[in-house]
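Participant: compute the structure for the input listed below.
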Amino acid sequence: MSSRLIHGFHAVIARLRHDPGAVKEILLDAGRHDQRARQLEQHARLQEIKVHPVEGARLDQMLPGMRHQGVVARVVEGNRKAPRLDDVLDTLEEPAFLLVLDGVTDPRNLGACLRVADGAGAHAVIAPKDRSAGLTDTALKAASGAAESTPFVTVTNLARALRELRERDIHVIGTSGEAEQSIYAASWPRATAWVFGAEGKGMRRLTREGCNQLVRIPLAGSVESLNVSVAAGICLFEARRRMNPAGHPRDAGVMA
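Facilitator: Sure thing, here's the model as predicted:
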């Protein structure tokens, strides 16, 4: 079984919450006694995992040039299976709410999209195995712990995956600057999969054809497109707002 280092309070605490058995060692800067450090130690204590105080210089040597925030954990990945689309969908107890990325190859954008998806309460992020950024250290850091709690599903054929979603009565919504309807004027059912292409390129033809509906984000300035994570945030949080207008984003509700 292979092991790797994860760093930052969001990433380490998220792994303690969702996959504590994989955490083999936690190193914490001995100079940190703040609330975040105490929260980390509390989560580790609940999972009976010891936190080792070390000099901050040692963490700097382990992760040169990285903003580790004073915490590093060694995790074992051998027992962690890559999530499958069917497995994710079969375990849902509410209508699906998914983010689909087509051609997003920048790991920072992928990490930011995972963070947005987690914040909006999406059940998974889906991307093709080819023409897609993977969960590299850069992507994991940008995700700020969201990669530990939001499944990242890779599929061999994205067009086929979209067809499978439609067969499960999941409404597939593509985003395009050329769409006739604005996201604020459009309506959609409760179960949705939101599809975004790379900035400047957009969705591929087969991906576009696999959508039930296309919407656009109205832009008032001079720019012609938004960063994919920004666009995803606008759409996912608008969708979540309609699910439960008066409540917390993670509360279940009925589509307006």
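
Participant: E164 - nearest residue in space that isn't next to it in sequence?
Facilitator: Here the nearest residue to E164 in space, its sequence neighbours aside, is L85; by CB to CB, 6 or more residues apart in numbering that works out to 7.1 Å. Quick note: C-beta positions are derived from backbone N, CA and C, even for glycine.

Participant: same check on G202?
Facilitator: With CB to CB, 6+ apart as the criterion, G202 has its nearest non-adjacent residue at 6.0 Å, and that residue is S176.

Participant: and what of C211?
Facilitator: Once chain neighbours are set aside, the closest to C211 by CB to CB, 6+ apart is G174, at 3.6 Å.

Participant: how close does the one you found sit to K201?
Facilitator: Distance from G174 to K201, counting by CB to CB, to the nearest Å: 13 Å.

Participant: more neighbours: the two, which one.
Facilitator: G174 (25 against 11; other CB atoms under 10 Å).

Participant: what does the pLDDT read for the residue in the chain sticking out farthest from the centre?
Facilitator: If you look at how far each residue of the chain sits from its centre, by CA atoms, centre = their mean, the farthest one is E55, at 32.0 Å. The predicted local distance difference test score for E55 is 96.

Participant: next one: it from V75, what distance?
Facilitator: E55 sits 22 Å away from V75, taking CB to CB as the criterion.

Participant: hmm, back to that, neighbours around the residue nearest to G202, how many?
Facilitator: As a burial measure, S176 scores 17 neighbours (other CB under 10 Å).

Participant: need the per-residue pLDDT for it.
Facilitator: Per-residue confidence (pLDDT) for S176: 90.

Participant: just list the residues touching it, thanks.
Facilitator: Listed by CB atoms under 8 Å, 6 or more residues apart in numbering, the contact set of S176 reads 202-203, 208, 214-216.

Participant: need the worst-confidence member of those.
Facilitator: Summarising pLDDT for these: the lowest-scoring member is G202, with 86.

Participant: contact partners for it?
Facilitator: Contacts of G202 by CB under 8 Å, 6+ apart are 176-177, 208.

Participant: show residues contacting the lowest-mean-pLDDT helix or strand in the chain.
Facilitator: Every helix and strand in the chain was compared by mean pLDDT, DSSP states H and E; the lowest is helix 146-149, with a mean of 78. Identification of contacts with helix 146-149 by CB under 8 Å, 6+ apart yields 10-11, 14-15, 17-19, 111, 114-115, 117-119, 135, 139-140.

Participant: any of the residues you listed buried? List them.
Facilitator: If you count burial by 16 or more other CB atoms under 10 Å, the buried members of these come out as 10-11, 14-15, 19, 111, 114-115, 117-119, 135, 139-140.
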